[in-house]
Structure formats: structure tokens, C-alpha cells
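1. task: produce atomic coordinates for the following.
(chains A, B, C and D)
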Number of protein chains: 2
Amino acid sequence: MSKPLVAPEAGAVELETVDDVLALVRARGGRATSSRRVILDVLFEAQDHLTAEDLTEAVQARAPDVHISTVYRNLEDLQRLGVIVHSHLGHGPATYQLASLAHAHFICSTCGARVEAPDEWFGSLAQKAKSQLGFTIDPHHFAIVGRCASCS
Amino acid sequence: MSKPLVAPEAGAVELETVDDVLALVRARGGRATSSRRVILDVLFEAQDHLTAEDLTEAVQARAPDVHISTVYRNLEDLQRLGVIVHSHLGHGPATYQLASLAHAHFICSTCGARVEAPDEWFGSLAQKAKSQLGFTIDPHHFAIVGRCASCS
DNA sequence: GTGCTTGCAAACGTTTTGCAGACTC
DNA sequence: GAGTCTGCAAAACGTTTGCAAGCAC
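-> A predicted model of the protein is given here:
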């Protein structure tokens, strides 16, 4: 795993299974509900980013009564625990994924193509921001917009 | 003026006054309406980024009947002409400004502080994106999130 | 039993759209 | 006069919130 540009949130480490997360939830006074478990199952299984709606759809395939507002509330809680992060890849809805899988993105403003951007490419920018502004960047949150090869 | 990382849209050059823009609008088959003129007046006078709501408020101080939907429609048209750009600096509304004044931003996820980011700092990232992915970045559109000096 | 969590419905903030009338050229 | 643009109202979109019932501990 590459060295993170930003230190992970306390609690983000060593959460490799749904049960690990539920244990953390309980340690913080939360409950291990079945909705929570299904939402986590889907998040752990997904290899791609999921919007709240994608996630709700996948969750409802297994537990039809889980409402999208429950999904949003869980996503917020899980972010607060440092388990997941959300990012904005374009003008649509936010996308969510496990914090350990977070990475930066380029998106083409013409065709919408998304490309993963290696964290190392941000080293020089991160260093300048740090030394000259004291600013620690997290390049994952918003995508970098531009024009892809075929749209240039 | 610094060398842009991205070539300006056709038509974005040499538009230094409201009348220049209105001439361009007319050249493209559009009309030089009074709403359009007031909206442009405000955009040219503003030194900061403006949200659609800010802009509407400023416009209505001079022309009270201009509706926010007219503002949005004009903002869209002016973007299509390359006169202005919008950017997303956080989770709130988009902000608009003249294309010639566009720049990148760092915003602190804790306190919301905004700092302007010099385009040169993106040189190495732009180069890697270009040489390895053929991707031409425009670092202005989405802010780079992080933690400012006092919130670190 | 306490109190966290849920489903539902309704609100929210931002942006877009349909329409009939008004204006620019 | 042709066709663009406007004001208004309403809808769309993603997300959040209030509430009363339900569940985990």
C-alpha cells in the first residue's frame, strides 16, 4: 500500500472486514443493525465507487425495506468513523467507497471518462502546498477535470 | 498573464469589456438584452467568485425584475461562449467568474478557508497526466481539499 | 428499559425546465 | 416578423430532517 499523503483518521486502520467495522461501531456506542450490516456488505464487495442510489439499489436487492435515507445516515456515520470516504467526480451525485481504497481521479469534461490518478503524481504539489502554505492536501475528494486523450 | 495549462476556448480571447462580450453574443446570433448587460456588468466588476445567488442579488440591486432563472440561463450561455467559468469550491453552490481570472484553489475541509493555488504548482502533475495518459488537466474546476495550517 | 436506529414523508438548497408574453434585430 | 430571451411557476435533483415506531443492547 502506498504511503498516504494525509494521515488516516483514527479508527481507519485495521478494518478489514464488516465485522471489524461493526465492532468499532459498537465500541462507539452504536448498534449493529441488519441494515448497517447489509450496507457494509455491499461497500466491502464493491470494487467501484458507488453513489448513494447505486448502493441503495444493491442493498434493497437483499433487504428491500432499507430506505435511502437510512443509507445516507449510515454513510454519514461511517465517514465520521473514517471507514469510508466520499468524492465528487463530476456534476452528479457523490460517490462512496472504503477509505482504504481511496485514490485521486481525472475526469474528462467532454466525454466523462474517468481515470485513476496515482497519488505519487501529487507529490510535488503536496510539497509546495505544505512548505509554502502549511496546507496538507487530500487529492482524493474532488476529481481533477480536464480533457482525455481522445477528446483533446 | 501566465501561460494557461489548457488552451482557452475559441472566443475567450480579447474580451476585455462588456461590449466586447455583447458583440460576441451578437456575432453568434444572440441578443444584447438589458438583463444580459447587467449580469455582465456585475461579473466584470466583481473581484471575487460569485454564486448564482450572489450575482442575482447584485443584479437585482440595479434591475429588480431579473429572475434567478434568467441569471442561470445567461451563465450557461456565457460559459458556452468561453467568457466565464464556474468552479466548485466545496459542498455549496458553484461559483462563477470571468474565464481570464480563473485559478486553482485549496480549501480546508475543517474550517472552509480558501487559498488560491498558483498554476505553476500543477506543472509536474500536468506533465505526468499528459505524457502518461494523454490527459490535459484543468486544475481550476474543482478545488483541492485538505487541511490548512491552523487546522492541521 | 434506555436510547440508538429505522421507515416514511416532507423539506431542503441548488439548478433546470415549460410556457406564454416581451423584446432585439 | 422571426426568432431569441424573459419572468414566473413548477419540477427536478441529490440530500437532509422530524417524527413516531422498532430494535439492539
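
2. residues of chain A that sit close to DNA strand C?
-> A:25, A:29-31, A:33, A:35-36, A:63, A:65-67, A:69-70, A:73-74, A:77 (C-beta under 7 Å from any atom of the strand). All C-beta spots, glycine's among them, are computed from the backbone N, C-alpha and C.

3. buried subset of those?
-> A:V25, A:S35, A:R36, A:V66, A:T70, A:N74, A:D77 (16 or more other C-beta atoms under 10 Å in any protein chain shown).

4. from the residues you listed, pick the one nearest A:V85.
-> A:D77 (13.3 Å; C-beta to C-beta).

5. is it true that that closest one touches A:G30?
-> Yes - the pair A:D77 and A:G30 qualifies as a contact (C-beta atoms under 8 Å) at a distance of 7.0 Å.

6. pull stretch A:142-152 out as PDB, backbone CA atoms only.
-> Only the C-alpha atoms of stretch A:142-152 are listed here, as PDB (Å, rounded to 0.1, in the frame of the first residue of the first chain):
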ATOM      1  CA  PHE A 142     -12.600  16.300  -5.800                       C
ATOM      2  CA  ALA A 143     -11.600  14.900  -9.200                       C
ATOM      3  CA  ILE A 144      -9.200  16.900 -11.400                       C
ATOM      4  CA  VAL A 145     -11.100  17.900 -14.500                       C
ATOM      5  CA  GLY A 146      -9.500  18.000 -18.000                       C
ATOM      6  CA  ARG A 147      -9.600  16.600 -21.400                       C
ATOM      7  CA  CYS A 148      -8.800  13.000 -22.100                       C
ATOM      8  CA  ALA A 149      -6.600  11.800 -25.000                       C
ATOM      9  CA  SER A 150      -9.400  11.100 -27.400                       C
ATOM     10  CA  CYS A 151     -11.200  14.300 -26.700                       C
ATOM     11  CA  SER A 152      -8.200  16.600 -27.000                       C
END
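
7. any bit of that stretch sitting next to DNA strand D?
-> No - Stretch A:142-152 stays clear of DNA strand D (C-beta under 7 Å from any atom of the strand), getting no nearer than 12.8 Å.

8. stretch A:47-65 too?
-> Yes - judged by C-beta under 7 Å from any atom of the strand, stretch A:47-65 and DNA strand D are in contact via A:T51, A:A52, A:E53.

9. gap between the two ends of that stretch?
-> 24 Å (C-alpha to C-alpha, to the nearest Å).

10. ok now that stretch, how far from the chain's centre?
-> Between the centre of stretch A:47-65 and the centre of its chain there are 15 Å (C-alpha atoms, centre = their mean, to the nearest Å).

11. mind listing residues that contact that stretch?
-> Here stretch A:47-65 makes contact (C-beta atoms under 8 Å, 6 or more residues apart in numbering or on different chains) with A:34-35, A:38-39, A:41-43, A:46, A:66-68, A:71-72, A:75, A:87, A:89, A:92-97.

12. and those residues, which are buried?
-> Taking 16+ other C-beta under 10 Å as the criterion, what is buried in the contacts of stretch A:47-65 is A:35, A:38-39, A:42-43, A:46, A:66, A:71, A:75, A:87, A:89, A:94-97.
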